[in-house]
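> Just a sequence and a predicted model for now, questions to come.
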Amino acid sequence: MPDSTEWIASAEPERYELREPVHYEFHCDRRVFLQCAGIGLLITALSRAQSGPATTAGRIHLGEDGFVTVLSGKVEEGQGPRTEFAAATAEELRLPVDKVRVVLADTQLVPNDWLTAGSRSTPVTVPLVRRAAAEARALLLATAAERWKVDGSKLQIDAGVVKSPDGKQTMGYAELAKAGGHATRRAAELIPPIDRWPADESKLPVAKSGGDASGKTAGLTPQANWKTLGQPLVRVNARDIITGVHAYPSGIQRPGMLYGCVLRPPSYGATLDSVDLNTAKQLPGVVAVRDGEFAACAAPTSYAARKALAALAANAKWVAKPQISSDELYTHLKKPAGDRQPQVQERGSVKAGLQQANKKLSASYQVPYIAHSPMEPRTAVAEWTNGSLTVWTGTSNPFDVRDELAQAFHIDPSKVRVIVPDFGGGFGGKHTGEAALEAARLAKEAGKPVSLRWTRAEEFMWGYFRPAGVIDIEAGLDEKGQLTGWDFTNYNSGPSAIGSPYKLANTRTRFVYADSPLRSGSYRGLAATANNFARESFMDELAAAAGQDPLEFRLAHLENGRLRDVLVAAAERFGWQKRRKETKPNTGVGLACGTEKGSFVAACVEVELDRASGIPRLVEICEAFECGPVLNPKNLRLQVEGCILMGLGAALREEILFENGRLKNGSFARYRVPRFKDTPRIETVLVERKDLEPAGAGETPIMAVAPAMANAIFAMTGEPVRALPLRAKAGKPDSGSAAIR
C-alpha cells in the first residue's frame with residue numbers, strides 16, 4: 001500500500017508541508033479505550049477505495065452494554081466527522097444516534113484513515129463506516145435466523161433489536177457481542193467479506209426493512225430509505241464542549257506535568273551558534289536542553305518557563321541569513337527556481353486560438369501569504385513511560401506525526417502513541433508535528449510529562465502559510481463573444497482547481513514551481529482559492545469585453561450541468577437580473593462560481609465601497625452549494641457559512657507582511673481576521689443531488705467569495721481588481737451599474 005503522505009502530496013502538489021523532512025532528529029540517548037473495549041465483538045471491514053491508498057478500514061465494536069463504537073483515524077477539528085460517523089453507523093445498524101460512540105485519531109486504537117484533508121472524510125471514510133456497520137447488521141440477522149431456524153427475509157430490525165416472525169423472541173447487538181467467537185465464525189460462512197462487496201451500492205442486495213431474501217447480507221441502506229442520515233443533527237459531543245467537560249489538547253493535564261518553551265530564532269533562516277543554559281537551569285525547578293538546533297526549557301508553571309526562556313534568549317547567539325521582503329515577493333516568485341519542471345496540460349492549440357481571436361485580453365493576478373489563524377495554536381502534551389511515548393496533540397495527521405516522533409527519537413513506531421482530542425481548528429495548518437516533537441524532547445530531558453503550547457506570535461511566525469502566488473492569464477474572444485483560446489499560468493501557489501470548468505477548445509494550464517521565501521503548505525481549498533479568484537475575475541473582464549452580462553457569458557460557456565445548477569440557483573435566489581440593473585451610489589453586485597473536489601459552488605454578492613480608502617464591505621452574499629446528497633443539513637450550512645467568513649478575511653484584509661526575515665504583522669492586532677462587524681447577510685442555498693455519491697463540503701464553498709466581491713467592485717468602478725486583499729483605486733468616481741458600461 002502506498003504511503004498516504006506520498007499519495008496526497010502527488011495528488012495535490014501544493015501540500016508542500018508533507019514533503020518537509022522531520023523538523024528535529026534528536027541524538028540517541030493506555031489511556032483506557034472506554035469501559036467496554038475489553039469485551040464485545042470487533043468487526044473490521046476492509047475495502048478497496050476507488051482512489052488514494054489501495055486499502056483502508058472502517059471498524060465497529062459491539063459492546064455487551066448495548067453501545068456500539070465506531071473507530072476511525074480521522075480527526076475532529078470542527079468540520080463534523082464525529083457526528084457524521086455516528087449518524088452513518090446509526091443508520092446502518094438501525095440504532096438511535098445516542099447509542100453510538102465514536103473514537104477518533106488514537107493511533108493505538110483506530111485504523112489509519114490517512115490525514116484529515118482534501119474533503120475526503122465524507123466521500124471515502126463514511127462509506128467504509130457504513131459498510132462495517134452494514135456487516136454488523138447482517139451478522140445480527142444471520143445469527144438470529146440460524147438460532148431461531150427461520151427465513152432471514154422475515155426478520156426485521158428496529159432500534160437495534162431483531163424480532164422473530166412471531167414476535168416472541170428478540171436479539172440485539174449486546175447479545176450478539178456476548179456470542180463472541182461463535183458469531184465471528186458464523187460471519188465468515190454467512191456474509192460475503194466487505195472487500196468483495198462491489199463499490200457500486202446499487203449492486204448490493206438491499207433489505208426492505210431487515211435482511212434480504214437469503215438472509216445472508218443486509219446491504220447498504222439506499223438514500224431513499226435514510227432515517228438518520230440526511231437529518232439535521234447537532235454535534236454529538238456538543239454538551240461536553242459547551243460545559244467545558246471536553247479537554248482540548250491545550251487543556252490536557254498529567255500528574256507532575258511541566259510547561260515548556262522553545263527558543264526561537266530571531267528571523268527566518270537564522271541558525272543557533274551558541275547558548276548558555278546555566279542561567280536558566282539555576283532558576284527553581286527549571287530543566288533546559290540544547291540538542292542541535294533545538295534549545296528549550298521547562299518549568300513547573302508557564303510563567304516560570306517564560307522567565308527561563310528569557311534567560312536563554314539573553315545569551316543566545318545567532319547567525320542570520322539574508323531574506324527578501326514582501327515588497328519584492330511577486331517579482332521574486334516569477335524568477336526561475338531550481339530544476340523542477342512546470343506542470344503543463346494542453347488541449348488544442350492556444351497559439352492558433354489566440355490568432356483567431358477578434359479581441360485578446362491578458363491580466364496578472366496576485367495572492368499573498370495567508371495565516372491559518374486557528375482558535376487554538378499548536379500544542380502538545382508528551383509523556384514517556386518505560387521507553388514508550390504518548391503524545392496528546394492537535395494535528396490533522398496523527399499517524400504521520402507518530403512516524404515523525406519515531407524517526408526523531410530513533411524508536412520503533414509501535415512505541416509511540418499519538419492521541420488527538422477534538423481540537424480548536426486547523427484549516428489545513430496542522431498537518432505537521434512540531435509541537436509534539438518539541439514537547440517530547442523536553443519530556444525526555446525532564447523525566448516528566450511536558451505541556452508545550454505555542455503562543456499566538458509563534459503560531460503566526462513559525463506555522464506554514466497558504467502559498468503566495470502570481471497568476472497570468474491570456475484569452476481570446478471571437479466576434480460572437482465566444483472564447484477561442486485560454487492560457488493560464490500559476491506561479492507558486494499550486495495547481496488545485498487550475499483547470500477551467502468552461503468550454504474551451506484551445507487551452508493550456510501551467511503550474512510553475514517557485515522559490516518560496518516563507519514556509520508554505522495546505523490551506524482550506526489549497527490553491528483553488530487563488531486559481532478561482534483569478535479565473536472568475538478574468539471571466540468578468542472577458543464578459544465586459546464581449547458586451548455581455550457576466551451570468552449569461554458564463555452560462556454560454558458552461559457544459560457542466562452541476563455547475564450551471566448552482567450558478568442559476570444563486571442568481572435566482574439573489575435576484576441577479578433585477579439587482580444588476582439597479583443603480584445605487586457606491587454599491588455594486590457581482591458573482592462567481594467554481595468546482596473542486598467533486599462539489600460545486602456559486603455566489604452572488606452586494607458590495608459597498610468606501611471611495612476615500614477603496615476598501616470594500618460585503619453587505620450580502622447568497623451562496624448556492626452542491627455536494628451530492630446532504631448527510632447533515634445543519635452541519636453543511638455551518639460548513640458553508642464558515643467558508644464564507646474565512647474567505648471574507650482573505651478578500652478584505654488578510655495578508656502576511658515581512659521584512660528582514662521577520663513578520664511585520666504577526667498578531668491579531670495587525671493581522672485582522674474578520675470581525676463581527678464584517679459579517680454580511682448570508683443566505684445559503686443547498687442544491688441536493690440524491691442520485692449521486694456524497695462529496696466533501698469543508699473547502700469548496702470558500703472559493704467564490706473573493707472573486708464575486710472583486711467583480712462587484714469592477715461593476716462599480718469599471719476598473720478590474722487583480723490582487724488580494726481587495727482594494728479599489730481610492731477616489732475613483734462611480735461609473736454606475738455594470739449594465740450600462
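That came in fine, so what should we check first? Numbering: from 1, shown residues only.
> low-scoring stretches of the protein, by residue?
Low-confidence segments of the chain (pLDDT under 70): 1-11, 28-38, 45-58, 180-218, 731-741.
> Any idea which residue is closest to the centre of it?
residue 117 (4.5 Å; C-alpha atoms, centre = their mean).
> Would you confirm that residue 426 belongs to a helix?
No: Residue 426 sits outside any helix when classified using DSSP: H, G, I helix; E, B strand; the rest coil, being coil.
> returning to what we had before: the residue nearest to the centre of the chain: helix or strand, and which one exactly?
Of the helices and strands defined by DSSP states H and E, none includes residue 117.
> repeat for residue 83
helix 81-93.
> Neighbouring strands - and their directions - for the helix or strand following that helix?
Using DSSP H and E, the helix or strand that follows helix 81-93 in sequence is strand 100-104. Looking at strand 100-104 with DSSP bridges, its partner strands are strand 68-72 (parallel).
> Need the contact partners of the strand it pairs with.
34, 36-37, 58-63, 81, 85-86, 88-89, 93, 95, 99-105, 109-111, 113, 125, 129, 132-133, 136, 160, 173 (C-beta atoms under 8 Å, 6 or more residues apart in numbering). Where C-beta positions appear, they are placed from N, C-alpha and C, glycine not excepted.
> Export it to CSV, keeping only CA atoms.
Output of strand 68-72 as CSV, limited to C-alpha atoms (Å, rounded to 0.1, in the frame of the first residue of the first chain):
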residue,chain,number,x,y,z
VAL,A,68,-21.7,0.5,19.5
THR,A,69,-18.4,2.2,19.0
VAL,A,70,-17.0,3.2,15.6
LEU,A,71,-13.3,3.8,15.2
SER,A,72,-11.6,6.0,12.6
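> how far is that strand from where the chain is centred?
Remark: strand 68-72 is offset 22 Å from the chain centroid, using C-alpha atoms, centre = their mean, to the nearest Å.
> now the angle between helix 81-93 and it, please.
Inter-element angle recorded for strand 68-72 and helix 81-93: 130 degrees (by axes from the mean of the first three to the mean of the last three C-alpha atoms, to 10 degrees).
> just checking, residue 405 touches residue 390?
No: between residue 405 and residue 390 there is no contact under C-beta atoms under 8 Å: 10.1 Å.
> Overlap in contacts, these two.
416, 418.
> which one of those two has more residues nearby?
Comparing residue 405 with residue 390 by other C-beta atoms under 10 Å, the one with more neighbours is residue 405, at 27 against 23.
> Next, the more buried one: secondary structure please.
Applying three-state DSSP: residue 405 is helix.
> and the gap between the nearest residue to it once chain neighbours are set aside and residue 254?
The shortest distance from residue 405 to any non-neighbouring residue, by C-beta to C-beta, 6 or more residues apart in numbering, is to residue 416 (4.8 Å). To residue 254, residue 416 is 16 Å away according to C-beta to C-beta, to the nearest Å.
> next one: residue 495
In terms of C-beta to C-beta, residue 495 sits 43 Å off from residue 254.
> Looking at those two, which has the bigger crowd around it?
The neighbour comparison of residue 495 against residue 254 (other C-beta under 10 Å) goes to residue 495, with 21 against 16.
> and the more buried one, backbone torsions?
phi -100, psi 0 (degrees, to the nearest 10).
> Kindly report the same for residue 322.
According to degrees, to the nearest 10, residue 322 has phi -60, psi 140.
> Repeat that for residue 679.
The phi/psi pair for residue 679 (degrees, to the nearest 10) is phi -70, psi 120.
> how close does it sit to residue 639?
16 Å.
> Give me the neighbour count for residue 255.
Neighbour count of residue 255, defined by other C-beta under 10 Å: 7.
> May I have the residues that are in contact with it?
Contacts of residue 255 by C-beta under 8 Å, 6+ apart are residue 449.
> ok, now how distant is it from residue 383?
Distance from residue 255 to residue 383, by C-beta to C-beta: 9 Å.
> Check residue 620 too.
Residue 620 is 51 Å from residue 383, by C-beta to C-beta.
> now swap in residue 44 and tell me
Counting by C-beta to C-beta, the gap from residue 44 to residue 383 is 29 Å.
> burial count for the closest residue to residue 700 other than its chain neighbours?
Here the nearest residue to residue 700 in space, its sequence neighbours aside, is residue 599; by C-beta to C-beta, 6+ apart that works out to 4.4 Å. The tally of other residues near residue 599 (other C-beta under 10 Å) stands at 25.
> With residue 164 instead?
So residue 164, with other C-beta under 10 Å, has 18 neighbours.
> That one contacts residue 156, correct?
No: between residue 164 and residue 156 there is no contact under C-beta under 8 Å: 9.9 Å.
> Just give the number of residues close to residue 257.
The tally of other residues near residue 257 (other C-beta under 10 Å) stands at 19.
> Report the contact partners of it.
For residue 257, counting by C-beta under 8 Å, 6+ apart, the contacting residues are 381, 448-451.
> Nearest to residue 593, out of those residues: which one, please.
residue 381 (44.2 Å; C-beta to C-beta).
> I'd assumed residue 389 was in contact with the closest one.
No: under the criterion of C-beta under 8 Å, residue 381 makes no contact with residue 389, lying 11.3 Å away.
> and these two? which has more neighbours close in?
residue 381 (30 against 21).
> Name the residues of the helix or strand containing that one that are buried.
In this assignment (DSSP H and E), residue 381 forms part of strand 379-385. Residues of strand 379-385 classed as buried: 379-384 (neighbour count, 16 or more other C-beta atoms under 10 Å).
> That one packs against which elements?
strand 388-393, helix 434-446, strand 450-453 (3 or more C-beta pairs under 8 Å, 6 or more residues apart in numbering; DSSP states H and E).
> Report the contact partners of residue 526.
12, 14-15, 428, 494, 496-497, 699.
> oh, I was asking about residue 366
330, 468-471, 722-724.
> Skipping adjacent residues, who's closest to it in space?
Of all residues not flanking residue 366 in the chain, residue 723 sits nearest, at 4.3 Å (C-beta to C-beta, 6+ apart).
> Past the one helix or strand residue 542 maps to, which element shows up next along the chain?
Using DSSP H and E, residue 542 maps to helix 528-546. Where DSSP H and E defines the elements, the next helix or strand beyond helix 528-546 is helix 550-556.
> which parts of that next one are buried?
Within helix 550-556, the residues that qualify as buried are 550-551, 553-554, 556, counting by 16+ other C-beta under 10 Å.
> Can you add distance to residue 275 and give those residues back as a markdown table?
Putting the buried residues of helix 550-556 into a markdown table (distance: C-beta to C-beta, whole Å) gives the following:
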| residue | distance to residue 275 |
| --- | --- |
| 550 | 59 |
| 551 | 62 |
| 553 | 61 |
| 554 | 59 |
| 556 | 65 |
